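Chemist: My questions are about this predicted structure, shown below with the sequence.
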Amino acid sequence: MSQNIKSIAWDKWWRMTRPHTLTASFIPVFLGTLLALYQTNIKWDLFCAMLIASILIQIATNLFNEYFDYKRGLDTADSVGIGGSIVRDGFSPKNISQLAKSLCIIALLLGVYICLQTTWWVGGAGIVCMFIGYLYSGGPKPIAYTPFGEVVSGIFMGMFIIWISFFIQTQTLSWLCILVSVPIGILIGGINMSNNIRDRQNDAQKGRRTLPVLLGHDKAVKALGFSIAVAYLWVIGLILLRLVSPFTLLIFLSVPKALKALRGFGDNSSALNMMPAMQATAKHSTLFGFLLGVGLLLGFFF
(Lines give C-alpha, C1' and ligand atoms only; values in the text may rest on other atoms or scores of the structure.)
Protein backbone atom coordinates (compact mmCIF):
# COMPACT_ATOMS: atom_id res chain seq x y z
CA MET A 1 0.00 0.00 0.00
CA SER A 2 1.28 3.45 -0.92
CA GLN A 3 2.46 5.51 1.98
CA ASN A 4 1.84 9.18 2.62
CA ILE A 5 4.45 11.42 1.00
CA LYS A 6 5.72 12.58 4.43
CA SER A 7 6.19 9.02 5.73
CA ILE A 8 8.77 7.97 3.14
CA ALA A 9 12.42 8.49 4.07
CA TRP A 10 14.18 11.30 2.24
CA ASP A 11 16.97 8.98 1.14
CA LYS A 12 14.38 7.06 -0.89
CA TRP A 13 13.19 10.30 -2.47
CA TRP A 14 16.79 11.15 -3.29
CA ARG A 15 17.33 7.77 -4.92
CA MET A 16 14.11 8.27 -6.87
CA THR A 17 15.72 11.24 -8.66
CA ARG A 18 18.45 8.87 -9.95
CA PRO A 19 21.27 11.13 -8.74
CA HIS A 20 23.97 9.28 -10.69
CA THR A 21 22.35 10.61 -13.90
CA LEU A 22 22.08 14.26 -12.82
CA THR A 23 25.60 15.13 -13.93
CA ALA A 24 24.19 14.66 -17.44
CA SER A 25 22.49 18.01 -16.75
CA PHE A 26 25.43 19.75 -15.11
CA ILE A 27 28.13 18.90 -17.68
CA PRO A 28 26.33 20.37 -20.75
CA VAL A 29 25.56 23.63 -18.92
CA PHE A 30 29.13 23.75 -17.62
CA LEU A 31 30.62 23.25 -21.09
CA GLY A 32 28.24 25.58 -22.91
CA THR A 33 29.07 28.33 -20.43
CA LEU A 34 32.82 27.69 -20.66
CA LEU A 35 32.67 27.95 -24.44
CA ALA A 36 30.85 31.28 -24.10
CA LEU A 37 33.82 32.53 -22.09
CA TYR A 38 35.77 32.65 -25.37
CA GLN A 39 33.38 35.38 -26.60
CA THR A 40 31.97 37.27 -23.63
CA ASN A 41 31.90 37.75 -19.87
CA ILE A 42 29.80 35.14 -18.10
CA LYS A 43 26.44 36.21 -16.68
CA TRP A 44 26.32 34.08 -13.57
CA ASP A 45 22.63 34.59 -12.86
CA LEU A 46 21.80 33.06 -16.26
CA PHE A 47 24.24 30.22 -15.63
CA CYS A 48 22.61 29.40 -12.29
CA ALA A 49 19.08 29.66 -13.70
CA MET A 50 19.98 27.42 -16.64
CA LEU A 51 21.73 24.87 -14.42
CA ILE A 52 18.84 24.60 -11.96
CA ALA A 53 16.26 24.41 -14.76
CA SER A 54 18.23 21.65 -16.52
CA ILE A 55 18.56 19.59 -13.35
CA LEU A 56 14.85 19.99 -12.60
CA ILE A 57 13.91 18.84 -16.11
CA GLN A 58 16.25 15.85 -15.74
CA ILE A 59 14.64 14.88 -12.43
CA ALA A 60 11.16 15.38 -13.87
CA THR A 61 12.07 13.12 -16.81
CA ASN A 62 13.26 10.45 -14.37
CA LEU A 63 10.05 10.75 -12.35
CA PHE A 64 7.85 10.54 -15.45
CA ASN A 65 9.80 7.45 -16.45
CA GLU A 66 9.16 5.96 -13.00
CA TYR A 67 5.47 6.79 -13.16
CA PHE A 68 4.78 5.49 -16.66
CA ASP A 69 6.85 2.33 -16.18
CA TYR A 70 4.66 1.61 -13.16
CA LYS A 71 1.44 2.37 -15.02
CA ARG A 72 2.43 0.05 -17.86
CA GLY A 73 3.43 -2.74 -15.49
CA LEU A 74 7.09 -2.68 -16.49
CA ASP A 75 8.39 -2.34 -12.92
CA THR A 76 7.91 -4.96 -10.23
CA ALA A 77 9.06 -5.37 -6.65
CA ASP A 78 11.99 -7.36 -8.03
CA SER A 79 13.16 -4.61 -10.40
CA VAL A 80 16.89 -3.96 -10.20
CA GLY A 81 18.25 -0.49 -9.61
CA ILE A 82 16.49 2.72 -8.70
CA GLY A 83 13.66 2.14 -11.14
CA GLY A 84 10.67 0.41 -9.59
CA SER A 85 10.61 2.52 -6.44
CA ILE A 86 6.84 2.92 -6.58
CA VAL A 87 6.21 -0.80 -6.18
CA ARG A 88 9.23 -1.41 -3.92
CA ASP A 89 9.28 1.62 -1.62
CA GLY A 90 5.58 2.48 -1.40
CA PHE A 91 5.54 5.78 -3.29
CA SER A 92 2.19 7.09 -4.44
CA PRO A 93 2.04 7.17 -8.26
CA LYS A 94 -0.10 10.31 -8.04
CA ASN A 95 2.51 12.06 -5.90
CA ILE A 96 5.27 11.12 -8.32
CA SER A 97 3.32 12.47 -11.28
CA GLN A 98 2.43 15.69 -9.45
CA LEU A 99 6.03 16.22 -8.35
CA ALA A 100 7.30 15.78 -11.91
CA LYS A 101 4.76 18.33 -13.18
CA SER A 102 5.67 20.75 -10.37
CA LEU A 103 9.37 20.56 -11.25
CA CYS A 104 8.52 21.31 -14.87
CA ILE A 105 6.56 24.39 -13.78
CA ILE A 106 9.50 25.65 -11.70
CA ALA A 107 11.84 25.03 -14.65
CA LEU A 108 9.41 26.92 -16.87
CA LEU A 109 9.46 29.91 -14.50
CA LEU A 110 13.25 29.89 -14.55
CA GLY A 111 13.00 29.77 -18.33
CA VAL A 112 10.81 32.87 -18.26
CA TYR A 113 13.51 34.68 -16.28
CA ILE A 114 16.14 33.61 -18.82
CA CYS A 115 13.90 34.77 -21.67
CA LEU A 116 13.40 38.18 -20.06
CA GLN A 117 17.18 38.57 -19.95
CA THR A 118 17.79 37.25 -23.46
CA THR A 119 15.13 36.33 -26.04
CA TRP A 120 11.85 34.42 -26.07
CA TRP A 121 13.28 32.01 -28.64
CA VAL A 122 15.12 30.40 -25.73
CA GLY A 123 11.76 29.64 -24.16
CA GLY A 124 10.70 27.71 -27.23
CA ALA A 125 13.86 25.60 -27.07
CA GLY A 126 13.30 24.93 -23.37
CA ILE A 127 9.70 23.84 -23.93
CA VAL A 128 10.89 21.42 -26.62
CA CYS A 129 13.30 19.87 -24.09
CA MET A 130 10.54 19.50 -21.48
CA PHE A 131 8.17 18.03 -24.06
CA ILE A 132 10.79 15.50 -25.15
CA GLY A 133 11.38 14.65 -21.49
CA TYR A 134 7.70 13.81 -21.14
CA LEU A 135 7.47 11.90 -24.41
CA TYR A 136 10.52 9.86 -23.47
CA SER A 137 8.35 7.67 -21.25
CA GLY A 138 4.86 9.12 -21.74
CA GLY A 139 2.44 9.37 -24.63
CA PRO A 140 1.04 6.60 -26.83
CA LYS A 141 4.47 5.56 -28.17
CA PRO A 142 7.17 6.34 -25.59
CA ILE A 143 10.61 7.04 -27.00
CA ALA A 144 12.10 4.84 -24.26
CA TYR A 145 10.32 1.84 -25.77
CA THR A 146 11.94 2.32 -29.19
CA PRO A 147 15.51 2.03 -30.55
CA PHE A 148 15.82 5.84 -30.60
CA GLY A 149 16.18 6.55 -26.87
CA GLU A 150 19.96 6.90 -27.04
CA VAL A 151 19.87 9.33 -29.97
CA VAL A 152 17.08 11.47 -28.50
CA SER A 153 18.66 11.72 -25.04
CA GLY A 154 22.06 12.51 -26.56
CA ILE A 155 20.68 15.31 -28.71
CA PHE A 156 18.20 16.94 -26.34
CA MET A 157 19.82 16.29 -22.94
CA GLY A 158 23.37 16.73 -24.24
CA MET A 159 23.94 18.77 -27.35
CA PHE A 160 20.81 20.93 -27.10
CA ILE A 161 21.57 21.99 -23.52
CA ILE A 162 25.11 22.99 -24.48
CA TRP A 163 23.74 25.11 -27.33
CA ILE A 164 21.17 26.86 -25.13
CA SER A 165 23.73 27.47 -22.35
CA PHE A 166 26.08 29.03 -24.90
CA PHE A 167 23.36 31.06 -26.61
CA ILE A 168 21.97 32.71 -23.48
CA GLN A 169 25.45 34.05 -22.75
CA THR A 170 26.42 35.14 -26.27
CA GLN A 171 23.12 35.66 -28.15
CA THR A 172 24.57 33.56 -30.95
CA LEU A 173 25.58 29.97 -31.78
CA SER A 174 29.05 29.11 -33.08
CA TRP A 175 30.34 26.13 -35.02
CA LEU A 176 32.83 25.49 -32.21
CA CYS A 177 29.95 25.12 -29.75
CA ILE A 178 28.12 22.74 -32.08
CA LEU A 179 31.22 20.62 -32.72
CA VAL A 180 32.27 20.40 -29.06
CA SER A 181 28.75 19.30 -28.12
CA VAL A 182 28.93 16.16 -30.28
CA PRO A 183 31.09 13.92 -28.03
CA ILE A 184 29.05 14.96 -24.99
CA GLY A 185 25.85 14.05 -26.77
CA ILE A 186 27.37 10.68 -27.67
CA LEU A 187 28.35 9.93 -24.08
CA ILE A 188 25.02 11.02 -22.60
CA GLY A 189 23.35 8.73 -25.10
CA GLY A 190 25.79 6.10 -23.81
CA ILE A 191 24.40 6.47 -20.28
CA ASN A 192 21.00 5.64 -21.71
CA MET A 193 22.50 2.73 -23.63
CA SER A 194 24.11 1.28 -20.50
CA ASN A 195 20.79 1.43 -18.66
CA ASN A 196 19.09 -0.37 -21.54
CA ILE A 197 21.84 -3.01 -21.69
CA ARG A 198 21.28 -3.76 -18.02
CA ASP A 199 17.50 -3.97 -18.49
CA ARG A 200 17.58 -5.75 -21.84
CA GLN A 201 16.05 -9.06 -20.77
CA ASN A 202 13.26 -7.48 -18.73
CA ASP A 203 12.56 -4.95 -21.49
CA ALA A 204 12.28 -7.72 -24.09
CA GLN A 205 9.83 -9.63 -21.91
CA LYS A 206 7.68 -6.51 -21.47
CA GLY A 207 7.65 -5.65 -25.19
CA ARG A 208 10.11 -2.78 -25.23
CA ARG A 209 12.17 -2.60 -28.43
CA THR A 210 15.23 -0.72 -27.23
CA LEU A 211 18.47 -0.77 -29.18
CA PRO A 212 20.10 -3.42 -26.92
CA VAL A 213 16.99 -5.59 -27.29
CA LEU A 214 17.38 -5.46 -31.08
CA LEU A 215 21.17 -5.88 -31.09
CA GLY A 216 21.55 -8.43 -28.32
CA HIS A 217 23.92 -8.09 -25.37
CA ASP A 218 27.31 -8.56 -27.05
CA LYS A 219 26.63 -6.27 -30.01
CA ALA A 220 25.10 -3.64 -27.73
CA VAL A 221 28.23 -3.56 -25.55
CA LYS A 222 30.41 -3.31 -28.68
CA ALA A 223 28.22 -0.44 -29.92
CA LEU A 224 28.66 1.32 -26.57
CA GLY A 225 32.44 0.84 -26.79
CA PHE A 226 32.47 2.15 -30.35
CA SER A 227 30.51 5.26 -29.40
CA ILE A 228 32.91 5.98 -26.52
CA ALA A 229 35.88 5.60 -28.89
CA VAL A 230 34.24 8.02 -31.34
CA ALA A 231 33.94 10.62 -28.57
CA TYR A 232 37.71 10.50 -27.98
CA LEU A 233 38.54 10.51 -31.69
CA TRP A 234 36.20 13.46 -32.23
CA VAL A 235 38.15 15.59 -29.75
CA ILE A 236 41.43 14.55 -31.36
CA GLY A 237 39.99 15.71 -34.68
CA LEU A 238 39.10 19.10 -33.17
CA ILE A 239 42.68 19.42 -31.90
CA LEU A 240 44.14 18.55 -35.31
CA LEU A 241 41.89 21.17 -36.89
CA ARG A 242 43.17 23.65 -34.28
CA LEU A 243 39.66 24.34 -33.05
CA VAL A 244 40.45 23.42 -29.46
CA SER A 245 43.61 23.46 -27.37
CA PRO A 246 45.85 20.37 -26.94
CA PHE A 247 45.01 20.75 -23.24
CA THR A 248 41.76 18.93 -24.06
CA LEU A 249 43.84 15.74 -24.32
CA LEU A 250 43.18 15.64 -20.58
CA ILE A 251 40.07 13.65 -21.53
CA PHE A 252 42.29 10.58 -21.84
CA LEU A 253 42.60 10.51 -18.06
CA SER A 254 39.04 9.15 -18.15
CA VAL A 255 39.93 6.09 -20.26
CA PRO A 256 40.32 3.73 -17.23
CA LYS A 257 36.76 4.52 -16.16
CA ALA A 258 35.50 3.73 -19.67
CA LEU A 259 37.35 0.41 -19.69
CA LYS A 260 35.95 -0.44 -16.27
CA ALA A 261 32.44 0.20 -17.54
CA LEU A 262 32.86 -1.95 -20.65
CA ARG A 263 34.50 -4.80 -18.74
CA GLY A 264 31.69 -4.67 -16.21
CA PHE A 265 29.15 -5.65 -18.84
CA GLY A 266 31.05 -8.90 -19.40
CA ASP A 267 29.09 -10.59 -16.62
CA ASN A 268 25.59 -10.42 -18.07
CA SER A 269 24.19 -13.24 -15.95
CA SER A 270 21.85 -10.79 -14.22
CA ALA A 271 20.86 -7.14 -14.24
CA LEU A 272 22.20 -6.82 -10.70
CA ASN A 273 25.69 -7.84 -11.80
CA MET A 274 25.67 -5.11 -14.46
CA MET A 275 24.68 -2.31 -12.08
CA PRO A 276 28.33 -1.25 -11.36
CA ALA A 277 29.02 -1.10 -15.10
CA MET A 278 26.02 1.15 -15.67
CA GLN A 279 27.13 3.45 -12.85
CA ALA A 280 30.69 3.49 -14.22
CA THR A 281 29.34 4.57 -17.62
CA ALA A 282 27.62 7.57 -16.03
CA LYS A 283 30.74 8.44 -14.03
CA HIS A 284 32.87 8.18 -17.17
CA SER A 285 30.61 10.63 -19.01
CA THR A 286 30.92 13.06 -16.11
CA LEU A 287 34.70 12.73 -15.89
CA PHE A 288 35.15 13.07 -19.65
CA GLY A 289 33.00 16.22 -19.73
CA PHE A 290 34.73 17.75 -16.71
CA LEU A 291 38.21 17.10 -18.15
CA LEU A 292 37.14 18.49 -21.51
CA GLY A 293 35.94 21.63 -19.72
CA VAL A 294 39.23 21.95 -17.82
CA GLY A 295 41.11 21.62 -21.10
CA LEU A 296 38.97 24.33 -22.71
CA LEU A 297 39.53 26.58 -19.70
CA LEU A 298 43.31 26.07 -19.81
CA GLY A 299 43.23 26.76 -23.54
CA PHE A 300 41.44 30.06 -22.88
CA PHE A 301 44.05 31.27 -20.37
CA PHE A 302 47.15 29.84 -22.03
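Modeler: It's in.
Chemist: so where do the strands sit in the stretch 101-250 of the chain?
Modeler: Using DSSP state E, counting those that start in this stretch, no strands are found in the stretch 101-250 of the chain.
Chemist: in it, which spans are helices?
Modeler: Counting by DSSP state H, counting those that start in this stretch, the stretch 101-250 of the chain has these helices, from start to end: 121-137, 149-154, 160-170, 175-198, 200-205, 211-215, 217-240.
Chemist: could you dump the ones you listed to a markdown table with mean pLDDT?
Modeler: Compiled in a markdown table, these are given as follows (pLDDT from 0 to 100):
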| stretch | mean pLDDT |
| --- | --- |
| helix 121-137 | 85 |
| helix 149-154 | 92 |
| helix 160-170 | 95 |
| helix 175-198 | 94 |
| helix 200-205 | 86 |
| helix 211-215 | 94 |
| helix 217-240 | 96 |
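Chemist: would TSV of those helices with distance to residue 102 and mean neighbour count be doable?
Modeler: Every residue, glycine included, has its C-beta placed from N, CA and C. Output for those, formatted as TSV (distance: least, Cβ to Cβ, whole Å; neighbours: other Cβ atoms under 10 Å):
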stretch	distance to residue 102	mean neighbour count
helix 121-137	13	18
helix 149-154	22	22
helix 160-170	21	24
helix 175-198	25	24
helix 200-205	29	17
helix 211-215	32	21
helix 217-240	34	17
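Chemist: and residue 300, which of these is closest to it?
Modeler: helix 175-198 (11.9 Å; Cβ to Cβ).
Chemist: Output the contacting helices and strands for the host helix or strand of residue 100.
Modeler: In this assignment (DSSP states H and E), residue 100 forms part of helix 93-117. If contacts are counted by 3 or more Cβ pairs under 8 Å, 6 or more residues apart in numbering; DSSP states H and E, helix 93-117 sits against helix 44-71, helix 121-137.
Chemist: Nearest to residue 289, out of the ones you listed?
Modeler: The nearest among the helices and strands packed on helix 93-117, by Cβ to Cβ, is helix 44-71 at 13.3 Å.
Chemist: quick check: angle from the closest one to helix 160-170?
Modeler: With axes from the mean of the first three to the mean of the last three Cα atoms, to 10 degrees defining the directions, helix 44-71 sits at 160 degrees from helix 160-170.
Chemist: quick one, helix 44-71 and helix 93-117 angle?
Modeler: 160 degrees.
Chemist: now for helix 44-71, which elements pack on it?
Modeler: Based on contacts counted as 3+ Cβ pairs under 8 Å, 6+ apart, the elements that helix 44-71 packs against are helix 10-16, helix 23-36, helix 85-89, helix 93-117, helix 121-137, helix 160-170.
Chemist: mean confidence for that helix?
Modeler: Predicted confidence along helix 44-71 averages 88 (mean pLDDT).
Chemist: so what's residue 291 closest to, chain neighbours aside?
Modeler: Spatial nearest neighbour of residue 291, chain neighbours left out: residue 250 (4.3 Å); criterion: Cβ to Cβ, 6 or more residues apart in numbering.
Chemist: wouldn't the one you found be in contact with residue 296 here?
Modeler: No - contact criterion Cβ atoms under 8 Å: residue 250 and residue 296 do not qualify, at 9.7 Å.
Chemist: Which of these two has more residues huddled nearby?
Modeler: residue 296 (22 against 19; other Cβ atoms under 10 Å).
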